[in-house]
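>>> Build me a model:
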Amino acid sequence: MKLWRLLARYLRVRRRALMALVALQTLQTTAGLLLPSVVARLIDEGVLVGDQGVIWRLGAVMLGISLVQTLLTVAALRFGAVGSIGFGHDVRRDVFRRVMSFSEQEVGRFGASSLITRLTNDVQQVQLLLVMVATMMITAPLTMVVGIVLAVRQDAQLAAILLVAVPLEIVVLASVVVRMIPQFVKMQDGVERVNTVLREQIAGVRVVRAFTREPEESRRFAAANAELTDASMRSARMLAATFPAAMFVVNLSTVAALRLGADRVASGELQVGSLVAFSSYLLQILMSVVIATFMISMIPRSAVSAGRLLELLDTEPSIVALVDAVPSPSSSLELEFADVTYRYPGAEHAVLDGVSFRARAGETTAIIGSTGAGKSTILRLAARLADPSLGTVRLDGVSLRSYDPAWLWSSIGYVPQRPTLFSGTVRSNLHVGRPDASDEDMWAALEVAQAAGFVQAIAGGLDGEIAEGGANLSGGQRQRLAIARAVMAKPAIYLLDDSFSALDLATEARVRSALATVTGDAIVLVVAQRVSSVRTAGMIVVLDDGVVVGVGRHDELVTSCATYAEIVDSQQQVAA
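Next comes the predicted model:
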C-alpha cells in the first residue's frame with residue numbers, strides 16, 4: 001500500500017524516536033490498565049469493610065500510578081510530535097527538491113495548482129494520520145487485548161458480553177468508515193479544483209475585471225466550492241454519526257454488564273469491586289475500538305494523499321545530468337540547431353519542424369515570425385528547459401544533453417516573455433542573477449538596462465520593496481529589471497524572449513545599444529515582434545508555422561524572403 005511505503009520510506013530516520021514512543025506508550029497504557037484492579041481492591045478490602053489504612057494505602061498507589069501515567073503520556077506525545085513534525089519536514093523538503101528538478105514537461109503534466117496542493121494539503125493529511133498513529137497505535141490494540149484478559153480475570157461469565165459488544169461495535173463503525181472513503185477522495189479532488197480556479201482568477205484578475213467577467217468567475221468558483229463543500233459535508237455527517245453509534249453500543253453494553261453483574265453480586269458470586277473493575281475494563285475496551293476505528297477512518301484520505309506524493313517523488317525529471325557529462329565547452333561558443341523538431345506532450349502537431357541555424361558568439365541572432373510560430377520554444381530548447389523531440393541542439397559541436405545542466409543553466413542569462421520577479425527588494429531580485437554582486441555591479445547592470453533612474457526614484461533604492469510578481473511595477477519596469485538581472489550573471493549565452501515589447505522605441509534603442517557593450521563575447525539570441533528590434537542583428541531567422549523560411553540579414557531578407565517582407569510591409573503600414 002502506498003501509504004505504508006511512504007511512511008516506511010521516511011520513518012527509518014526517526015526510528016529512535018519511534019522506539020522511545022512505543023516503549024512509553026506501552027508503559028503508560030499498562031499503568032492505565034492497572035487502575036481498575038486497584039480500585040476493585042480498594043472497594044472490596046477498604047470501603048466495604050471500613051479499613052481506613054487500606055483506603056489510604058491503595059489511594060496513594062492509585063495517585064502514584066496516575067502521576068506516572070501522566071508523565072509517560074506527556075513524554076510519549078512529545079516523541080510522537082517530534083516524529084510526525086520531522087516526517088512532514090522531510091517529505092516537504094524532498095517533494096520541493098523533486099519539483100524544482102522538473103522540466104517544463106513534468107510541471108505542465110501535473111499543473112502548478114496540483115503541485116502546490118500536494119506540497120501543502122497532502123503532506124498535512126499524512127502528517128495528521130501519523131500524529132494519530134503515534135498517540136494511539138500502541139494504546140488502542142494493547143488496551144483491547146490486555147483489557148479483555150483482565151476483564152475475564154474479574155468475571156468470566158460477564159466477559160461473555162464482550163463476545164457481542166466488540167463485534168457489534170466494529171460492524172457499526174466499519175459500515176460508516178466504508179461509506180466515508182469515496183467522500184475523502186472527492187474532498188482531495190475538490191481541494192485541488194478550488195486551488196486551480198482560485199489561482200487562475202487571482203492571476204487573471206485584471207482580465208476578469210476588464211471584460212466584466214466577475215459574475216461568471218464567481219459562479220465558476222461557487223461551483224468548485226460547492227463541490228468541495230458537498231463532499232466535506234457528507235463525510236462530516238458520517239463522521240458525526242460515528243461517535244453516537246459507538247457510544248450507544250458502549251452504553252448498552254455497560255447497562256447489560258451492570259444488570260447481569262447486580263444479580264451476581266446479590267447472590268454473592270461476584271464482589272462489588274470486581275463489578276466496578278469489569279465495567280471500567282469494558283469501557284476501556286470498547287473505547288479502544290472507537291479510537292482504532294477513528295484512526296482507521298483517516299487512512300483512506302491519507303492513502304490518497306500518500307499516493308499523490310509518491311507519484312511526485314517517483315517521477316524522474318526528463319532533464320538529468322549524464323554520468324560522463326561534459327563540464328564546459330573547450331573552444332569559442334557556437335549554438336547550433338540541427339534539424340530540430342519539437343512537439344508538446346499530447347499535441348497532434350509539432351510546434352517546430354526541422355529547424356536548423358547557427359548562432360555565433362559576438363553576434364546577435366534574432367528570431368522573428370508570426371504569433372505561434374515557435375519563437376519562444378526555440379529559446380526554451382536553447383536553455384534546455386526542454387529537449388527536442390527530434391534533432392539536436394549543440395553547443396560547441398556537443399549536444400546540450402551531454403553538458404552538465406548545472407553548468408549550462410549558470411551560463412545562461414534568460415529573460416522570459418513574461419518576466420518573473422520575486423517578492424522582496426530590488427537587491428534580492430538582482431542577487432538571483434549573481435548572489436555575490438556588489439552594489440556597484442548592481443548599479444552598472446541597472447544602467448545597461450536603463451533601469452537605474454526608476455530604481456533611484458523608489459523609496460529605498462536597491463532596498464526598495466518589490467511585490468510578488470512585481471505587481472507594484474509597470475510592464476516596462478519589470479522587463480528592464482529582468483534584463484538587469486540577466487546582465488548581472490555575466491552569462492556566456494543571452495536568451496531574450498521579446499524582452500523589449502513593453503518599452504518605447506527610444507528606450508529600446510538605448511537598452512540594445514548598452515547591451516552591445518557587455519555582450520561582445522557572448523551568444524545573443526533575441527526573439528522579437530518588431531522589425532526595428534532585429535534590423536541591426538548579425539543574422540535573422542524567420543519562422544512561419546514552426547518552419548524556418550529565411551535566414552540572413554535585414555537587407556537580404558527583404559528581397560529574398562516573402563514572409564519577412566510581409567512583416568516589414570505590415571509594420572510600416574501601421575507606423576504610417
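
>>> Helix or strand next in line after the helix or strand hosting residue 78, which one?
Assigned by DSSP states H and E, residue 78 falls within helix 52-101. Counting by DSSP H and E, the next helix or strand C-terminal to helix 52-101 is helix 104-110.

>>> Let me see the mean pLDDT of that following helix.
Across helix 104-110, the average pLDDT comes to 80.

>>> what comes into contact with stretch 424-443?
Residues from elsewhere that reach stretch 424-443 (C-beta atoms under 8 Å, 6 or more residues apart in numbering): 413, 421-422, 445-446, 452, 455, 458, 460-466, 481, 484-490. In short, each C-beta sits where N, CA and C put it, glycine included.

>>> Now the buried members of those residues.
Among the contacts of stretch 424-443, the ones that count as buried by 16 or more other C-beta atoms under 10 Å are 413, 421, 445-446, 452, 455, 458, 461-462, 464, 466, 481, 484-490.

>>> which SS state does the residue nearest to residue 470 when sequence neighbours are not counted fall under?
For residue 470, ignoring the flanking residues on the chain, the nearest one in space by C-beta to C-beta, 6 or more residues apart in numbering is residue 421 at 3.5 Å. With DSSP: H, G, I helix; E, B strand; the rest coil as the basis, residue 421 sits in coil.

>>> Hmm, residue 421 is touching residue 481, no?
Yes: at 6.3 Å, residue 421 counts as touching residue 481 under the criterion of C-beta atoms under 8 Å.

>>> Show me the strands in this protein, by range?
Applying DSSP state E to the chain gives strands spanning 334-342, 352-360, 364-369, 390-395, 398-399, 412-415, 424-425, 465-466, 493-497, 523-527, 539-544, 547-552.

>>> Show the contacting residues for the closest residue in space to residue 274 that isn't next to it in sequence.
Among residues not flanking residue 274 along the chain, residue 154 sits closest, at 4.7 Å (C-beta to C-beta, 6+ apart). Counting by C-beta under 8 Å, 6+ apart, residue 154 touches 40, 274, 275, 277, 278, 281.

>>> can you count the residues close to residue 266?
Residue 266 is flanked by 9 other residues according to other C-beta atoms under 10 Å.

>>> For residue 334, which non-adjacent residue is closest in space?
That would be residue 360: by C-beta to C-beta, 6+ apart, it lies 5.3 Å from residue 334.

>>> who touches the one you found in this structure?
Taking C-beta under 8 Å, 6+ apart, one finds 333, 334, 335, 523, 538 in contact with residue 360.

>>> likewise residue 186?
227, 231.

>>> For residue 234, see how far away it is.
Using C-beta to C-beta, to the nearest Å, we find residue 186 at a distance of 8 Å from residue 234.

>>> In helices only, show me the buried ones among the contacts of stretch 424-443.
The helices, defined by DSSP state H, take in 445, 446, 452, 455, 481, 484, 485, 486, 487, 488 from the buried ones among the contacts of stretch 424-443.

>>> Count the neighbours of the nearest residue to residue 185 once chain neighbours are set aside for me.
Excluding the flanking residues, the one nearest residue 185 by C-beta to C-beta, 6+ apart is residue 304, at 5.5 Å. For residue 304, the count of nearby residues is 22 (other C-beta under 10 Å).

>>> so how far is residue 310 from residue 304?
For residue 304, the distance to residue 310 equals 11 Å [C-beta to C-beta].

>>> related to what we said a few turns ago, chain center to the helix holding residue 78, what's the gap?
With C-alpha atoms, centre = their mean, to the nearest Å as the basis, helix 52-101 stands 28 Å off its chain's centre.

>>> Output the contacting helices and strands for it.
helix 2-11, helix 15-41, helix 123-136, helix 272-313 (3 or more C-beta pairs under 8 Å, 6 or more residues apart in numbering; DSSP states H and E).

>>> Who are the packing partners of the third one?
In terms of contacts (3+ C-beta pairs under 8 Å, 6+ apart), helix 123-136 is packed against helix 2-11, helix 52-101, helix 272-313.
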